[in-house]
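Undergrad: Provided below are the primary sequence and the corresponding predicted coordinates.
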Amino acid sequence: MASRSGPRATGTDGSDFQHRERVASHYQMSVALKSEIKKLNIAHAVVWLLVAAQVVVSQLNLVSHKVVASPYQWEYTYLLSIIPTVFSFMALPKNNISYLVISMISAGLFCVGPILYGGMEMFPVAQQLYLHGKAYRFIFGFSAVSIMYLVLIISLQVHGWQIYYSKKLLDAWFTNTQDKKKK
């Protein structure tokens, strides 16, 4: 295509892309990791809402305990797991390292801790269900311990990936700050 003043100048046909500026890899990684962490935060919020709904319904006696079982002890402490998610959401828009570190540490305390305790707390009930086929707590007709172990497994995966991606994001942000200090 020619311009009004004649043919196109040489070198502007798109073949000079080799030397053009590119987005630094740590910026690309930061964007990708932020996206993954946001997805995991949303997945955690959904799991948290389900656990919170069970606790609220049980505590307020909205339905019979035969329909929705009373919560295990670990579920009450797991409700604190919304704190790391809030800090994570606050850290992402402005690349706030402090909030991300708080999110990672509190995820270990308020998310993974109650999950591990819940696995131990429910183990005798799960063992009884497996060995004898007897369940005493139910959630909508299903064994409560089976459903809660499913919740535990999903939650453990979500929080494990949250912590992993947060650490990778923290490393990407530190790479960025180290590059700025060198200049």
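TA: All right, it came through fine.
Undergrad: report the distance from stretch 102-110 to the chain centre.
TA: Its chain's C-alpha centre and that of stretch 102-110 lie 11 Å apart, by Cα atoms, centre = their mean, to the nearest Å.
Undergrad: list the buried ones in the longest helix anywhere in the chain?
TA: Assignment by DSSP state H gives helix 144-182 as the longest helix of the chain. Going by neighbour count (16 or more other Cβ atoms under 10 Å), the buried part of helix 144-182 is 144-149, 151-152, 155-156, 158-159, 161-163, 165-166, 168-170, 172-173, 175. Where you see a C-beta, it was placed from the backbone N, CA and C, and this is true even at glycine.
Undergrad: again, but for stretch 31-41
TA: Neighbour-count burial for stretch 31-41 [16+ other Cβ under 10 Å]: 33-34, 36-37, 40-41.
Undergrad: just those residues: which are in helices?
TA: Using DSSP H, the buried residues of stretch 31-41 in helices are 33-34, 36-37, 40-41.
Undergrad: ok, those residues vs residue 131, which is closest?
TA: Looking at those and their distance to residue 131, the nearest is residue 40, at 35.4 Å (Cβ to Cβ).
Undergrad: could you measure the closest residue to that closest one other than its chain neighbours against residue 78, distance?
TA: Closest residue to residue 40 apart from its sequence neighbours, by Cβ to Cβ, 6 or more residues apart in numbering: residue 162 at 4.7 Å. Residue 162 sits 14 Å away from residue 78, going by Cβ to Cβ, to the nearest Å.
Undergrad: ok, residue 165 next?
TA: Relative to residue 78, and taking Cβ to Cβ, residue 165 is found at 21 Å.
Undergrad: with residue 161 instead?
TA: Taken as Cβ to Cβ, the span from residue 161 to residue 78 is 17 Å.
Undergrad: ditto for residue 145
TA: 16 Å.
Undergrad: next: residue 43.
TA: Look at residue 43 and residue 78: by Cβ to Cβ, they are 15 Å apart.
Undergrad: between those two, point out the one with more neighbours.
TA: Between residue 43 and residue 78, counted using other Cβ atoms under 10 Å, the more crowded position is residue 78 (26 against 18).
Undergrad: tell me which element that one falls in.
TA: helix 73-78 (DSSP states H and E).
Undergrad: helices and strands around whatever helix or strand comes next after that helix, which ones?
TA: With elements assigned by DSSP H and E, the helix or strand that comes after helix 73-78 is helix 82-94. Packing partners of helix 82-94 (3 or more Cβ pairs under 8 Å, 6 or more residues apart in numbering; DSSP states H and E): helix 25-59, helix 97-107, helix 144-182.
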